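Undergrad: quick one, fold the following:
(one chain, ligands or ions: 1)
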Amino acid sequence: MLDVFALCGGYIDLDRSSFFADVAPGTRVTVPVICFLITHPRGHVLVDTGVHRGALADPVGRLGERRAALFRLRSAPTDEVVSQLAALGLGPGDVRYVVNSHFHFDHCGGNEFFPRSTFLVQRREMEAARQALAGAAVRYNPSAIDFDHPLDYRLVDGEHDVWGDGQVVLWPTYGHTPGHQSVRVRAGKGTDLVLTADACYTRENMDRDVLPGVLWDAADMSSSVARLRELRDRHGATVIYGHDAAQWAGLARAPAPLA
Ligand SMILES: [Zn+2]
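TA: Numbers count the residues shown, from 1 in each chain. All right, here's what the predicted structure looks like:
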């Protein structure tokens, strides 16, 4: 039996139009950055590492000028992954696997704090990120300062069952970035919990079938959203969206278990 905990990895103030291609700019919203800890009997799995804790004091240094202007941090000092784990009585050394959904700054900011964990990343994501770092003309802007550390990155291709028992399964949802992945968790009640990360920012994106304006591949992202929607609507999965403030407001958060 496993537990899933929702951890706050920060809050970001951004323009609502960055979430919905059909919304005009001019309305600011504050959205959560969410990480998850899954306590499997064989070891703990952390999904995403949030915004780097140093970004509060030095947003331009961590995010760069362009991102720091687009995204304003609204986090409290403890809205970061190491503090959130401490509230569960855990430290980075207790985390066996870290899953990065993708390499944007709000999903891999805390990577460097897990030097003893094995990171599970889609090969496509890593290859695109490395190409971007090498100066190749790819339209992908991964956060090098956050992911580019000598960590134990293990690259996976497509669907990947972390423990081989069907309980924690990495699920490719390409499109937001070249190798984005979501996570399906079987928490023991017969229905899946699906952690979409940025394959789907909010429930509204899924229900209105509207993509964000900025993405890697619209056709891929659209089919990823459709597959996630099918899990929700036809298979009864509980979907936790990547940055949905309304859903977050009603979620049980660490140290209370989500499921
Ligand atoms: Zn994000």
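Undergrad: and the chain, which of its residues are near the ion?
TA: 106, 198 (CB under 5 Å from the ion). For glycine as for every other residue, the C-beta is placed from the backbone atoms N, C-alpha and C.
Undergrad: helix, strand, or coil at the closest residue to residue 103 other than its chain neighbours?
TA: Computed as CB to CB, 6 or more residues apart in numbering, the closest residue to residue 103 that is not its neighbour in sequence is residue 142, at 3.7 Å. Here residue 142 takes the coil state, with states given by DSSP: H, G, I helix; E, B strand; the rest coil.
Undergrad: wait, residue 142 touches residue 132, no?
TA: Yes - with contact defined as CB atoms under 8 Å, residue 142 reaches residue 132; the gap is 5.6 Å.
Undergrad: what helices and strands are in contact with the helix or strand bottoming out on mean pLDDT in the chain?
TA: Every helix and strand of the chain was ranked by mean pLDDT, DSSP states H and E. The lowest is helix 65-70, at a mean of 93. Counting contacts by 3 or more CB pairs under 8 Å, 6 or more residues apart in numbering; DSSP states H and E, helix 65-70 packs against helix 59-63.
Undergrad: what about the residue nearest to residue 103, how many residues nearby?
TA: Residue 142 has 25 neighbours, counted by other CB atoms under 10 Å.
Undergrad: contact partners for it?
TA: Counting by CB atoms under 8 Å, 6 or more residues apart in numbering, residue 142 touches 102-104, 128-129, 132-133, 177.
Undergrad: which of these fall within helices?
TA: With helices taken from DSSP state H, the overlap with the contacts of residue 142 comprises 128-129, 132-133.
Undergrad: not counting sequence-adjacent ones, nearest residue to residue 93?
TA: residue 116 (5.6 Å).
Undergrad: so that neighbour sits right up against residue 91, yeah?
TA: No - the criterion here is CB under 8 Å, and residue 116 misses it with residue 91 at 10.1 Å.
Undergrad: how long is stretch 99-108 end to end?
TA: Start-to-end span of stretch 99-108 (CA to CA, to the nearest Å) is 9 Å.
Undergrad: ok so, going back, quick check, nearest of the contacts of residue 142 to the ion?
TA: Comparing these against the ion with CB to the ion picks out residue 104 as the nearest, at 5.3 Å.
Undergrad: the nearest residue to that closest one once chain neighbours are set aside: neighbour count?
TA: The shortest distance from residue 104 to any non-neighbouring residue, by CB to CB, 6+ apart, is to residue 143 (6.1 Å). Close neighbours of residue 143, defined as other CB under 10 Å, add up to 23.
Undergrad: dump the residue contacts of residue 143.
TA: Going by CB under 8 Å, 6+ apart, residue 143 touches 63, 103-105, 108-109.
Undergrad: taking these together, which two end up most distant?
TA: For the contacts of residue 143, the farthest-apart pair by CB to CB is 63 and 103; their separation is 13.6 Å.
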